[in-house]
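*Asks:* take this sequence and fold it.
(one chain, ligands or ions: 1)
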Amino acid sequence: MDLLEQKIVTQGNVLSDTVIKVDSFLNHQIDPFLMQKIGQEFADRFSDATVTRILTLESSGIAPATMAGLVVGVPVVFAKKRKPITLADHFSAEVYSFTKKEMNNITISKDFLSPDDSILIIDDFLANGQAVSGMIEIIKQAGASLAGVGIVIEKGFQNGGKILRQQGIRVESLATISSMHDKHITFDKERALT
Ligand code: 5GP
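*Replies:* The predicted structure is shown next:
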(Lines give C-alpha, C1' and ligand atoms only; values in the text may rest on other atoms or scores of the structure.)
Protein backbone atom coordinates (compact mmCIF):
# COMPACT_ATOMS: atom_id res chain seq x y z
CA MET A 1 0.00 0.00 0.00
CA ASP A 2 1.41 3.36 -0.95
CA LEU A 3 2.24 6.13 1.47
CA LEU A 4 -0.53 8.56 0.51
CA GLU A 5 -3.33 6.00 0.68
CA GLN A 6 -1.91 4.73 3.95
CA LYS A 7 -1.97 8.24 5.41
CA ILE A 8 -5.54 8.80 4.21
CA VAL A 9 -6.71 5.55 5.77
CA THR A 10 -4.80 5.84 9.06
CA GLN A 11 -5.01 9.59 9.66
CA GLY A 12 -8.01 10.74 7.60
CA ASN A 13 -11.18 11.56 9.49
CA VAL A 14 -14.29 10.89 7.41
CA LEU A 15 -16.80 13.55 8.49
CA SER A 16 -19.62 12.47 6.17
CA ASP A 17 -20.13 10.42 3.01
CA THR A 18 -18.64 13.35 1.03
CA VAL A 19 -16.11 15.14 3.28
CA ILE A 20 -12.84 13.89 4.71
CA LYS A 21 -10.55 15.81 7.03
CA VAL A 22 -6.82 15.36 6.49
CA ASP A 23 -5.58 18.06 8.84
CA SER A 24 -2.73 15.98 10.28
CA PHE A 25 -0.70 15.82 7.05
CA LEU A 26 -2.13 18.15 4.37
CA ASN A 27 -4.66 20.81 5.41
CA HIS A 28 -3.32 22.09 8.74
CA GLN A 29 -0.20 20.26 9.88
CA ILE A 30 1.96 19.32 6.90
CA ASP A 31 4.04 16.16 6.51
CA PRO A 32 7.12 17.40 4.60
CA PHE A 33 8.35 13.90 3.75
CA LEU A 34 4.99 13.02 2.18
CA MET A 35 4.91 16.41 0.37
CA GLN A 36 8.35 15.70 -1.08
CA LYS A 37 7.15 12.33 -2.44
CA ILE A 38 4.02 14.00 -3.81
CA GLY A 39 6.08 16.71 -5.53
CA GLN A 40 8.29 14.07 -7.14
CA GLU A 41 5.26 12.05 -8.27
CA PHE A 42 3.65 15.08 -9.95
CA ALA A 43 6.96 15.91 -11.65
CA ASP A 44 7.26 12.31 -12.93
CA ARG A 45 3.69 12.17 -14.18
CA PHE A 46 3.99 15.45 -16.08
CA SER A 47 7.59 14.92 -17.23
CA ASP A 48 6.42 14.75 -20.87
CA ALA A 49 4.56 18.09 -20.61
CA THR A 50 5.91 21.59 -21.04
CA VAL A 51 5.46 23.39 -17.73
CA THR A 52 6.67 26.96 -17.15
CA ARG A 53 4.71 27.70 -13.97
CA ILE A 54 2.64 25.88 -11.39
CA LEU A 55 -0.62 27.45 -10.26
CA THR A 56 -2.50 26.62 -7.08
CA LEU A 57 -5.02 28.12 -4.67
CA GLU A 58 -4.22 29.23 -1.12
CA SER A 59 -3.77 27.73 1.31
CA SER A 60 -3.77 23.94 1.15
CA GLY A 61 -2.51 23.67 -2.42
CA ILE A 62 0.69 25.58 -1.63
CA ALA A 63 2.67 22.75 0.03
CA PRO A 64 2.24 20.09 -2.69
CA ALA A 65 2.56 22.71 -5.45
CA THR A 66 5.81 24.06 -3.99
CA MET A 67 7.35 20.61 -3.72
CA ALA A 68 6.40 19.90 -7.34
CA GLY A 69 7.82 23.29 -8.38
CA LEU A 70 11.10 22.44 -6.67
CA VAL A 71 11.47 19.21 -8.68
CA VAL A 72 10.23 20.63 -12.00
CA GLY A 73 12.32 23.78 -11.47
CA VAL A 74 9.60 26.36 -12.09
CA PRO A 75 7.96 29.12 -9.99
CA VAL A 76 4.76 28.45 -8.07
CA VAL A 77 1.99 31.06 -8.07
CA PHE A 78 -0.95 30.82 -5.71
CA ALA A 79 -4.30 32.49 -6.25
CA LYS A 80 -5.45 34.57 -3.29
CA LYS A 81 -8.91 34.14 -1.85
CA ARG A 82 -9.05 37.72 -0.63
CA LYS A 83 -7.76 40.56 -2.76
CA PRO A 84 -5.16 42.58 -0.82
CA ILE A 85 -5.24 46.37 -1.33
CA THR A 86 -1.65 46.12 -2.57
CA LEU A 87 -2.73 44.02 -5.57
CA ALA A 88 -3.16 46.32 -8.57
CA ASP A 89 -3.57 44.76 -12.02
CA HIS A 90 -4.98 41.29 -11.58
CA PHE A 91 -6.97 38.44 -13.07
CA SER A 92 -9.94 37.15 -11.08
CA ALA A 93 -12.62 34.45 -11.06
CA GLU A 94 -15.52 33.41 -8.85
CA VAL A 95 -15.07 30.12 -6.99
CA TYR A 96 -17.64 28.45 -4.76
CA SER A 97 -15.90 26.79 -1.81
CA PHE A 98 -17.03 23.20 -1.27
CA THR A 99 -15.94 23.13 2.38
CA LYS A 100 -16.72 26.71 3.43
CA LYS A 101 -19.97 26.98 1.42
CA GLU A 102 -19.20 30.54 0.30
CA MET A 103 -18.18 32.35 -2.88
CA ASN A 104 -14.59 33.53 -3.12
CA ASN A 105 -13.30 35.96 -5.69
CA ILE A 106 -9.87 34.48 -6.36
CA THR A 107 -7.19 36.82 -7.72
CA ILE A 108 -3.73 36.61 -9.26
CA SER A 109 -1.47 39.53 -10.13
CA LYS A 110 -0.93 40.06 -13.87
CA ASP A 111 2.81 40.10 -13.08
CA PHE A 112 2.89 36.33 -12.60
CA LEU A 113 1.01 34.90 -15.60
CA SER A 114 1.69 35.63 -19.26
CA PRO A 115 0.55 34.34 -22.67
CA ASP A 116 3.88 32.49 -22.96
CA ASP A 117 3.11 30.33 -19.94
CA SER A 118 2.19 26.66 -19.98
CA ILE A 119 0.57 26.08 -16.61
CA LEU A 120 0.29 23.01 -14.42
CA ILE A 121 -2.52 23.41 -11.86
CA ILE A 122 -2.02 21.59 -8.57
CA ASP A 123 -4.55 21.38 -5.75
CA ASP A 124 -5.13 19.35 -2.60
CA PHE A 125 -8.65 18.04 -3.39
CA LEU A 126 -10.87 17.65 -6.41
CA ALA A 127 -14.59 17.47 -5.57
CA ASN A 128 -16.97 19.29 -7.94
CA GLY A 129 -14.21 21.04 -9.84
CA GLN A 130 -15.06 24.63 -8.85
CA ALA A 131 -11.55 25.56 -7.65
CA VAL A 132 -9.83 24.09 -10.71
CA SER A 133 -12.39 25.68 -13.07
CA GLY A 134 -11.73 29.09 -11.47
CA MET A 135 -8.01 28.68 -12.03
CA ILE A 136 -8.60 27.60 -15.64
CA GLU A 137 -10.71 30.74 -16.13
CA ILE A 138 -7.76 32.84 -14.92
CA ILE A 139 -5.35 30.99 -17.23
CA LYS A 140 -7.70 31.86 -20.12
CA GLN A 141 -7.78 35.54 -19.07
CA ALA A 142 -3.96 35.55 -19.13
CA GLY A 143 -3.91 33.95 -22.61
CA ALA A 144 -1.69 31.18 -21.20
CA SER A 145 -2.06 27.47 -21.94
CA LEU A 146 -2.96 24.63 -19.60
CA ALA A 147 -0.50 21.74 -19.36
CA GLY A 148 -2.70 19.71 -17.02
CA VAL A 149 -4.11 19.34 -13.55
CA GLY A 150 -2.46 17.47 -10.66
CA ILE A 151 -4.60 16.58 -7.65
CA VAL A 152 -3.48 15.04 -4.37
CA ILE A 153 -6.88 13.53 -3.44
CA GLU A 154 -9.69 13.19 -5.96
CA LYS A 155 -13.11 12.16 -4.73
CA GLY A 156 -14.14 10.12 -7.72
CA PHE A 157 -17.78 9.93 -6.62
CA GLN A 158 -18.13 13.70 -7.16
CA ASN A 159 -18.23 15.03 -10.68
CA GLY A 160 -15.26 17.44 -10.94
CA GLY A 161 -12.89 14.89 -12.47
CA LYS A 162 -15.48 13.76 -15.00
CA ILE A 163 -16.31 17.33 -16.07
CA LEU A 164 -12.65 18.25 -16.55
CA ARG A 165 -11.69 15.04 -18.39
CA GLN A 166 -14.73 15.41 -20.68
CA GLN A 167 -13.25 18.76 -21.74
CA GLY A 168 -10.08 16.92 -22.78
CA ILE A 169 -8.12 18.22 -19.79
CA ARG A 170 -5.41 15.93 -18.48
CA VAL A 171 -6.10 15.26 -14.78
CA GLU A 172 -3.64 13.20 -12.73
CA SER A 173 -4.77 12.31 -9.21
CA LEU A 174 -2.40 10.66 -6.76
CA ALA A 175 -5.18 9.01 -4.78
CA THR A 176 -8.74 8.62 -5.96
CA ILE A 177 -11.36 7.81 -3.36
CA SER A 178 -14.28 5.96 -4.88
CA SER A 179 -16.41 5.84 -1.71
CA MET A 180 -16.44 6.93 1.94
CA HIS A 181 -19.76 5.32 2.75
CA ASP A 182 -20.19 4.57 6.48
CA LYS A 183 -16.67 5.97 7.09
CA HIS A 184 -15.14 3.13 5.06
CA ILE A 185 -12.66 4.51 2.51
CA THR A 186 -12.22 2.68 -0.78
CA PHE A 187 -9.85 3.74 -3.54
CA ASP A 188 -10.02 3.61 -7.29
CA LYS A 189 -6.77 1.66 -7.68
CA GLU A 190 -6.33 2.47 -11.36
CA ARG A 191 -5.48 6.07 -10.60
CA ALA A 192 -3.67 5.58 -7.29
CA LEU A 193 -0.11 6.61 -6.47
CA THR A 194 2.19 3.61 -7.05
P1 5GP B 1 -14.10 21.61 -5.66
O2 5GP B 1 -13.81 23.04 -6.00
O3 5GP B 1 -13.45 20.65 -6.61
O4 5GP B 1 -15.56 21.35 -5.47
O5 5GP B 1 -13.47 21.36 -4.23
C6 5GP B 1 -12.09 21.41 -4.09
C7 5GP B 1 -11.67 22.36 -2.99
O8 5GP B 1 -12.51 22.19 -1.85
C9 5GP B 1 -10.26 22.05 -2.58
O10 5GP B 1 -9.46 23.18 -2.85
C11 5GP B 1 -10.33 21.75 -1.09
O12 5GP B 1 -9.74 22.79 -0.38
C13 5GP B 1 -11.79 21.68 -0.75
N14 5GP B 1 -12.29 20.31 -0.52
C15 5GP B 1 -13.14 19.61 -1.29
N16 5GP B 1 -13.47 18.43 -0.74
C17 5GP B 1 -12.79 18.37 0.42
C18 5GP B 1 -12.73 17.39 1.48
O19 5GP B 1 -13.37 16.31 1.45
N20 5GP B 1 -11.92 17.67 2.52
C21 5GP B 1 -11.20 18.83 2.60
N22 5GP B 1 -10.43 19.01 3.67
N23 5GP B 1 -11.24 19.78 1.63
C24 5GP B 1 -12.03 19.56 0.56
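*Asks:* partner strands of the one helix or strand Thr56 maps to, parallel or antiparallel?
*Replies:* Under the criterion of DSSP states H and E, Thr56 resides in strand 53-57. Strand 53-57 sits in its sheet next to strand 76-79 (parallel), strand 118-126 (parallel), going by DSSP bridges.
*Asks:* ok, and what's touching it?
*Replies:* 62, 64-65, 68-69, 72, 74-79, 81, 95, 106, 108, 112-113, 117-123, 131, 134-135, 138-139 (C-beta atoms under 8 Å, 6 or more residues apart in numbering). Glycine gets a C-beta too; all of them are placed from N, C-alpha and C.
*Asks:* for stretch 155-174, same thing?
*Replies:* By C-beta under 8 Å, 6+ apart, stretch 155-174 touches 4, 18, 20, 38, 41-42, 45-46, 49, 125-130, 132-133, 136, 146-154, 176-180, 188, 191-193.
*Asks:* pretty sure Arg45 is touching Gly150, no?
*Replies:* Yes: look at Arg45 against Gly150 with C-beta atoms under 8 Å: they come within range, at 6.9 Å.
*Asks:* out of these two, which sits in the more crowded spot?
*Replies:* Per other C-beta atoms under 10 Å, whichever of Arg45 and Gly150 has more neighbours is Gly150, with 29 against 18.
*Asks:* would you agree that one falls within a strand?
*Replies:* Yes: counting by DSSP: H, G, I helix; E, B strand; the rest coil, Gly150 falls inside a strand.
*Asks:* and it, what does it touch?
*Replies:* Contact partners of Gly150, counting by C-beta under 8 Å, 6+ apart, are Phe42, Arg45, Phe46, Pro64, Ala68, Leu120, Ile121, Ile122, Asp123, Glu172, Ser173, Leu174.
*Asks:* partner residues bridging it?
*Replies:* Ile122, Glu172.
*Asks:* of the contacts of strand 53-57, grab the buried ones for ChimeraX.
*Replies:* In ChimeraX syntax, the buried subset of the contacts of strand 53-57 is picked out as below (16 or more other C-beta atoms under 10 Å):
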select :62,64,65,68,69,72,74,76,77,78,79,81,95,106,108,112,113,117,118,119,120,121,122,123,131,134,135,138,139
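*Asks:* picking that back up, counting only strands, which of the contacts of stretch 155-174 make the cut?
*Replies:* 20, 125-126, 146-154, 176-179 (DSSP state E).
*Asks:* now the buried members of the residues you listed.
*Replies:* For the ones in strands among the contacts of stretch 155-174, a burial check counting by 16+ other C-beta under 10 Å picks out 20, 125-126, 146-154, 176-178.
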